[in-house]
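A.B. asks: Sequence first, predicted coordinates after that:
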Amino acid sequence: AQDGGYYLVGLRAPGDRSPWRGLFPDSGAVAWGTSTVLAQSMAIAEQTGLPVHLLPDRLPDVDEPPDLPLVAQLLQLQPADLVCPKMSVIVPTLQEEAAIQATLQHLIDNAEQPDRIEVVVVDGGSTDRTVERV
């Protein structure tokens, strides 16, 4: 994104997680929310040997309600189309057998408009019963 954050990080090797763990360090190596995120992330990727592909055009950041008119413009929508949009919630999982049902139920129970919510569960290769519980 223009602010240095990510729109999408795609990984092809779910069985080998060690190379990308460094991309999201807990150590403060990345100053999240600053203009240096991209440069810091690129340096970490290079150090860990992760191949990187950047999109040719950086998209604006969209993570706050005031950003919604920009979404309408980018998607060529009328502002009225955003009055009551459908919300997609993406829930990444890995070995969440014990908690996934409660998590999903919490999302449904706390949705202001349950008929306007879409929950997408993306499992990262769980070997427990996460998928069956979903």
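C.D. replies: That came through fine.

A.B. asks: Mind listing residues that contact stretch 87-104?
C.D. replies: 107, 111, 116-130, 133-134 (C-beta atoms under 8 Å, 6 or more residues apart in numbering). In this view, the C-beta of every residue, glycine as well, is placed from N, C-alpha and C.

A.B. asks: Would you point out the helix or strand in this structure whose mean pLDDT is lowest?
C.D. replies: helix 18-21 (a mean of 60; mean pLDDT, DSSP states H and E).

A.B. asks: Next secondary structure element downstream of it?
C.D. replies: helix 37-48 (DSSP states H and E).

A.B. asks: just checking, what packs against that next one?
C.D. replies: The helices and strands touching helix 37-48, judged by 3 or more C-beta pairs under 8 Å, 6 or more residues apart in numbering; DSSP states H and E, number zero.

A.B. asks: Just the buried positions in it, please.
C.D. replies: Applying a neighbour-count criterion of 16 or more other C-beta atoms under 10 Å, one finds Val37, Leu38, Gln40, Ser41, Ile44, Ala45 buried in helix 37-48.

A.B. asks: Please apply the same query to stretch 100-115.
C.D. replies: Ile100, Leu104.

A.B. asks: now that stretch, how far from the centre of its chain.
C.D. replies: 18 Å (C-alpha atoms, centre = their mean, to the nearest Å).

A.B. asks: same thing with stretch 41-48?
C.D. replies: 19 Å.

A.B. asks: Can you read off the pLDDT for Pro79?
C.D. replies: Per-residue confidence (pLDDT) for Pro79: 67.

A.B. asks: cool, Leu70 as well?
C.D. replies: For Leu70, the predicted pLDDT is 77.

A.B. asks: ok, it - contacts?
C.D. replies: Taking C-beta under 8 Å, 6+ apart, we find Leu70 in contact with Pro60, Val62.

A.B. asks: Quick check: it is in a helix.
C.D. replies: Yes. Residue state for Leu70 (DSSP: H, G, I helix; E, B strand; the rest coil) corresponds to a helix.

A.B. asks: That one and Leu77, how far apart?
C.D. replies: 11 Å (C-beta to C-beta, to the nearest Å).
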